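Participant: fold the following and give me the result.
(chains A and B)
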Amino acid sequence: MRERLDWDRLVALMWGRLEGEKGFVPANMLSGTTVGLRPSAAKGEGKTVTVTIDGQKISVPEGILIIEAAKLLGIDIPHFCYHPRMMPVGVCRQCLVEVGLPRRMPDGSLARDESGRVQIQWMPKPQTSCTMPVSDGLEVRVKSEEAESARRAITEFLLINHPLDCPVCDRGGECPLQNVAFVQGRPYSRFMEPKRTFPKPVSLSPHILLDRERCIMCKRCIRFCDELAGEKQLEQVDRGWWSYIAVADGEELDTIFSGNVIDICPVGALTSHPYRFASRPWELARTQTVCPKCPIHCTIFADCRFNEPKRFVPAGENFQVNDLWMCDVGRFQLKFPSPADRITAPHLRINGDLLPISWDEALDHLAAVLSQSDRSFFVGSAVMTNEEAYLFQRFARSVAMSPNVDFLERDPYMTEIALKSGSAHLGVSVYDLQQADVTLIAGCDLYHHLPIGWFWVLQAVKFQGARLAVVGLTETKPRIKRWAWKWISDRDPQSALDIIASEVEGTGDSSFGESDRELQAIAQALKSARRPLVLCASGTDPSPVRPETVLRLLEALRRDDWSAVFYTLHHANEVGCLIAGLSPEMLPGLKPCGDQAAGSLLQRVWGTPLVLDKGIGLRNARESGQTADRSVLWIIDPGTIHRLPDWLGGLPETRERWVVSATHWTALAKGAWMILPDLTFLEKNGTYTNWSGLCQKVRRAVQPPEGVRPLSWVLFQLSERMGRPFSYPGPRHAREELVSISRLTELLPEAD
Amino acid sequence: MSSDEVRIVKRRVDLPQSTTWRVYRETDGYRALEKVVKEMTPDEVIETVRASGLRGCGGAGFPTGVKWGFVPKNIFPKYVCVNADESEPGTFKDRLIIEKDPHAIIEGALIAAYAIQAEKVFIYIRGEFGRGYDILQQAIREAYQTRLAGDQILGSSFSCHLVLHRGAGAYICGEETGLLESLEGNRGEPRMRPPFPAVKGAFGQPTVINNVETLARVPPIILNGPQWYRQWGTERSPGTRLYCVSGHVERAGVYEFPLGIPMRDLIEFAGGVSKGRKLKALIPGGSSAPMLDAETAMRVTTDFEAIMSAGSFAGSAGIVAIAEGTCMVKVALRLTRFYMRESCGKCTPCREGTYWLVQALDGFHSGSATREDLSLLESVGKQMVGNCFCLLGDTAPNPLLSCLRIGRDDFEYHIAHQRCPEEDGDR
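Facilitator: From the prediction side, this is the model:
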C-alpha cells in the first residue's frame, strides 16, 4: 500500500540534501506559505482567547484567524488564497476545517453535559480557516476525516485543469501547489477529459508572463495590486471555469511593484521574463544582501547559479525596510556585467592605448604619481560600502595628504543639512512611514525614486486614513495624485514650503492670498498631526528645496518619538558615504573639516598625521584652478554613468592623470589614464546605510574573477608603497573604528 | 379542497392596464404607504411584518420582519435593495409581478425603506427582463410624478429615492451579496459573510435585500393586519405563495395558494401530469433544490418545513414536474450545464466541479461512459456539496445527485446501450 507522505518528511526529502549549502530557503516561504500574523490582527488590544485545535489548547490574540492560530501550534493548514498581508477572501477553499462553537443555553450560559464538559455545536459544513477569526472556546478539527476529505477534494479540483508541466515550470521545486499535491493529492488523476487550455504565455508587461492554464484563481495577484500596490490593474475576466486573469485591453501591468505578484503566486502562473527557464530553484545559491538601486535598501536574496546572478527576490519579513516586498527597479533592473565584459587586470595608457599591466607595475606607478602631488582628487561613488568609503577618505587624508575627497553623486544640500543638524538621514525607519498620519511630498517623485518608501506612505493613506498632500509635482500617470488629499502642482516646492514652514511655526503672514489657502490647510494639518512626514526635493531633483527650509520644518515638526522631515535621496549609499567622511567639507562622523577635536581624535586612532582642511569638491575643481598641476583624479566608477556629466567633462586637462576603478568598460574607463579593476556590488562584503540610517550587511554572492582585487587591498598596498602603511583585518574592523570615532551607532548593522 | 386560488399578490394581474398608477390606485394602491408614513412608526411597521410571519420568497424563507429588525438604527445612510434578478430555472413568479403589478413592488419597497429609514431603494432587475425594465421604469416615473417617491413622500418628512439598475445577465447576481457587488460596479461575485448586508451592505452601508414577491406582500399585510395574513398557511409558514408550476404539466403557470397545501393538489390544479403520464420526479423549489421522487412528491405539503423534512427545500417555489419516460441523464446534463455556465469562478469546487460534472455527463450522453463513471459522478458531486463559497456551488450538484438517486436506470441504460432511453422510445 502506498505510504502517505507527511509534510516534514517531504521537506526533508526535497531539500534535505541542500542543507549546509548557502542557506537555501524554498521560495514558497516568501509566497506566504509560512503563516505570519497580519498587522491588522493586533486589533484585539491584548485580549486573548483560548481555542482548541486538534485537542491542543492555546491562548491566542483575539481577532487572528484560525489558520494563524493553528500555525502557532505548529499545525500547517494548506492554503493558496490566504496571504498574511492581505484581507482574507476564502476563495480557494483549500484550508477547510471543521469548526465548533460552545453551545449556549437560552440564558447565555454555556451548555454542559453530565460530566460538566462544555458542549460543542459543530457547524454543519466545513469552514475556511483563513476567513474565520478565533473566538473564546472555539474548537477546530484539522486532522479529522471530514476535514481532510474536504481538503483532498479541493486539491483534486485544483489539479484537474492544472497542466502537468512541473518539469519545465519555473516554479517547480518551490511551488506551494506542488507541495500540497505531494502531501495530499491522489497519485493518479480521475479526470480523463481534455484539460482547459489557453494561449500561453501571455505578456502582462515586459517583465511578467502569465500562464493561464496554470492559474488556480486564488486572486492573490489581483488583491496585491488592488489592496497593497494601490493600482487595480488585474482582474478576473469572464465567468466560471473559462475565467482568467487579465489586464484591461491596451494596458499593461505597469505598477512599479508588479514583480511581487510573481513571488506571491502559489503556482507557476505568473513568472518573471528574465528568470524564465534560467534555473531550477534547487540549483540556486542564495545569499541575503541589500538592493543597491536606491537608498531604501530592501533586503533581498541574490539567487545565483554557477556564480551568475539569476534573480533578486525580497528576503522576507524585514520590519524596518521592505517586509515581503520590493520594487521592479531592484528586481528587474539590477544588472551586472557578464564575465566577458569584465576588466580583470590593471590597464595603463601607453602611447594612446590602454594596455594591460601587472598589479605591481600599476601600484608602483600610481604610488609614485600620487606622491608627487598633495592636490589629488579622490572621488568615490555611492555604490561604495561604508567601509570602502571610510578607507578611501582615510587614504586620501592621511596617505596622499589631500583634502579633496568627494563622491560622484554627492548632493551639496545634503552635506549642508548633515553639518547643521548632525544627522544625515530620516529620523524614522522606512517601514514606519506607514504610521505617518499627515504626509507632505514636496517636489519629489517618491513613486519612481523611492518606490518602497511610497509603498508604506500609501499603506498609511489606504489603511490608517492618513492625509497626503503633494506640492510641485507633475505626473504623466496619476500614481500619487489619485491618493492625494491636496494636490498643488503649480507651486514650486521652495516657495510652498516657505509658506508652510512659516505657518507651522506660527510666524506666517496673516494676509494669505487665495492660492495660499490650500498651503495653509496643509500646514495646519501638519501642525496638528501626531506623526507628520515631510519629504522634500533634494539637489538631484529638478526643483530642490533649500536646507534652511528643511531645517525649519524639521525643528517645527519634531515630536517626542517621531522626527520625519527630510530630503528624498536618489543614490544607494549616499548616507553611508557622508557619514564615512567622503566629502570635502566633512570628516568621518559628520564632523566639519577643521574641527580640531575631531582631528586630534582621528590622528590618535589612525596613528598618522592627516589633512584636516576643507577640500575642493569635484564640482568646483575646475574653477579652483588647482587642477593644472600634476595632481591625480581617482574616480570610483559606479558603472551606471553612460554620459559624462558636464562638470566632469569640463576637466580635460586632468584626463591624463585619471585613474578609474571600474568593473567593466564604461565611458569613464575608456577615457582613463589608468584603470584599476574593481569588484561589483555582488562581490563585496561590507555594509550599506539606508535613507533612514539603518545599516545592513552586503554579502558576497558571487566570486570575483581572477585578477580583480578589492579596493581595500589596493589602498593598503598603495599606503605601504607610499611609506604610510595602514590596513585592517576585515571590513568589520574598519566599521567598528568608524563607530568609535563618530559615536554614530547607526553604523552597526542591524542583523547579522 | 383548494380548488380556487387565493389571490393576494396576483389580484391585479388580470386587470386591464394593471401596470398603471391609476389602476393600482383604484385598487387600494399606495394606501398602505399612506398609512405607514402618516400613522405608523418605523418600529410598528417592522413589528406588523414580524407578526404576520411573512417569510422571504426568494428562496431562503427567512422571516422578513426579523431581517428588517437586524438593521442598526443609528447608522446612516441605509438602503433597500429589491432583488428582481429572478433567474433560477423553473422560477418565473417575480417576472409576473414586475410585468403586471410594478407599483406593488415600489410600494412594498418604500414601506421597507420607511421601516428601516432608508434613503434609497435600488431595484436590481435581471438584464434579460427587457419588457419588465421598461414597465418598472414607467412605474417609477409615475411614482415620482405623483409624489409617492422622492423628497417628502405624501407630504411627510420621509424621503426616499428609487434607482432602477439593470443587471448584465448573471445568475450569481441573484445571490444577495453578488447582487451588491454588481450594483457597486464590481465583478458579480458573492461576498464573504459576516458582515451581513443588514450591517454592511451596498456601498458599505446597512442594507435590506428583499425579493420582489416578498415586498409585494407587504402592502396588503400593512392594510389588513398580521392576523388577516395568518388565516392562510401553517403556523410557521403563514400566508400564501406564488407557485411556478412548469415541466410536464398540462397548464404551466404561476398560481397563488396558501402555504401548506398538498403538492398533489397543486399539480392537479395545473391540469395534472401532461398526457396522462405518471410523475417520475419533482423539483419542489427551483432547480437547485434536490428533486423528490414521485411517491414523496405526492405525499408532501408545500410549506417550508414539510419540504425540508422530505429532504429538499421550498426555495423559490419553482415546481418542475418530470414525467415518466424522461431520461434523467438528459435532465442532469441540462441543469448541471446551467450551473457550469453560471458559476462565477470565484471558488475552486464550484468552478472546477461543475466543469468536471458536465464533462463526465457529456460522456454519458455521447455513449463513452463506463460503470466507473457512475461512481465518479457521485463522488465528484458529493465533493462539492458543503465545500463551496456560496449556495450556488453547494447546490449545483443537487440535480445530478437527485437524478442519480431517482433515475439510476437511465444512467445504466446509457452505459449499457450507448444511447438515450428516450430515443429508443420503449419506455
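Participant: list the buried ones in the lowest-mean-pLDDT helix or strand in chain B?
Facilitator: Scoring the helices and strands of chain B by mean pLDDT, DSSP states H and E places helix B:421-424 at the bottom, with a mean of 85. By neighbour count with 16 or more other C-beta atoms under 10 Å in any protein chain shown, helix B:421-424 contains the buried residues B:P421. (Each C-beta comes from the backbone N, C-alpha and C, glycine too.)
Participant: any idea which residue of the stretch 101-250 of chain B lies closest to chain A?
Facilitator: Nearest residue of the stretch 101-250 of chain B to chain A, counting by C-beta to the nearest C-beta: B:M192, 5.9 Å away.
Participant: and B:S157, its phi and psi?
Facilitator: With angles defined as degrees, to the nearest 10, B:S157 sits at phi -90, psi 0.
Participant: could you count how many residues lie near it?
Facilitator: Around B:S157 there are 8 other residues, counting by other C-beta atoms under 10 Å in any protein chain shown.
Participant: what does A:V698 give?
Facilitator: 26.
Participant: so which residues of the stretch 201-350 of chain B form strands?
Facilitator: Here the stretch 201-350 of chain B has its strands, by DSSP state E, counting those that start in this stretch, at B:207-211, B:240-247, B:253-258, B:279-283, B:292-293, B:318-323.
Participant: and A:P274, how far from A:I208?
Facilitator: To A:I208, A:P274 is 10 Å away according to C-beta to C-beta, to the nearest Å.
Participant: gap between stretch A:598-611 and the chain center?
Facilitator: 36 Å (C-alpha atoms, centre = their mean, to the nearest Å).
Participant: what pLDDT does the residue most central in space within chain A get?
Facilitator: For chain A, the residue sitting closest to the mean C-alpha position, by C-alpha atoms, centre = their mean, is A:C298 at 1.6 Å. Here the pLDDT value assigned to A:C298 is 95.
Participant: could you do A:E19 as well?
Facilitator: 32.
Participant: same deal with A:I522?
Facilitator: Reading off the model, A:I522 has pLDDT 95.
Participant: can you confirm it is in a helix?
Facilitator: Yes. A:I522 sits within a helix when classified using DSSP: H, G, I helix; E, B strand; the rest coil.
Participant: residue contacts, whatever residue of the stretch 351-500 of chain A ends up closest to chain B?
Facilitator: With C-beta to the nearest C-beta as the measure, A:G465 is the residue of the stretch 351-500 of chain A nearest to chain B, at 14.3 Å. For A:G465, the contacting residues are A:D437, by C-beta atoms under 8 Å, 6 or more residues apart in numbering or on different chains.
Participant: so which residues of the stretch 151-300 of chain A form strands?
Facilitator: Using DSSP E, counting those that start in this stretch, strands in the stretch 151-300 of chain A cover A:202-203, A:208-210, A:234-237, A:244-247, A:270-272, A:285-290, A:299-305.
Participant: could you dump those into JSON lines and include distance to chain B?
Facilitator: Converted to JSON lines, the strands of the stretch 151-300 of chain A look like this (distance: least, C-beta to the nearest C-beta, whole Å):
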{"stretch": "strand A:202-203", "distance to chain B": "18"}
{"stretch": "strand A:208-210", "distance to chain B": "16"}
{"stretch": "strand A:234-237", "distance to chain B": "6"}
{"stretch": "strand A:244-247", "distance to chain B": "9"}
{"stretch": "strand A:270-272", "distance to chain B": "18"}
{"stretch": "strand A:285-290", "distance to chain B": "32"}
{"stretch": "strand A:299-305", "distance to chain B": "31"}
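Participant: save these as JSON lines, and put in mean neighbour count too.
Facilitator: What follows is the strands of the stretch 151-300 of chain A, written out as JSON lines (neighbours: other C-beta atoms under 10 Å in any protein chain shown):
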{"stretch": "strand A:202-203", "mean neighbour count": "14"}
{"stretch": "strand A:208-210", "mean neighbour count": "24"}
{"stretch": "strand A:234-237", "mean neighbour count": "19"}
{"stretch": "strand A:244-247", "mean neighbour count": "20"}
{"stretch": "strand A:270-272", "mean neighbour count": "24"}
{"stretch": "strand A:285-290", "mean neighbour count": "22"}
{"stretch": "strand A:299-305", "mean neighbour count": "23"}
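Participant: which residues of the stretch 51-200 of chain B lie near chain A?
Facilitator: Listed as neighbours of chain A in the stretch 51-200 of chain B under the rule C-beta under 8 Å from any C-beta of the partner chain: B:170, B:187, B:192.
Participant: if you rank the residues you listed by neighbours, which is first?
Facilitator: B:A170 (22 neighbours).
Participant: that older thread, which other helices and strands does the least confident helix or strand of chain B contact?
Facilitator: The contact analysis (3 or more C-beta pairs under 8 Å, 6 or more residues apart in numbering or on different chains; DSSP states H and E) places helix B:421-424 against helix B:408-417.
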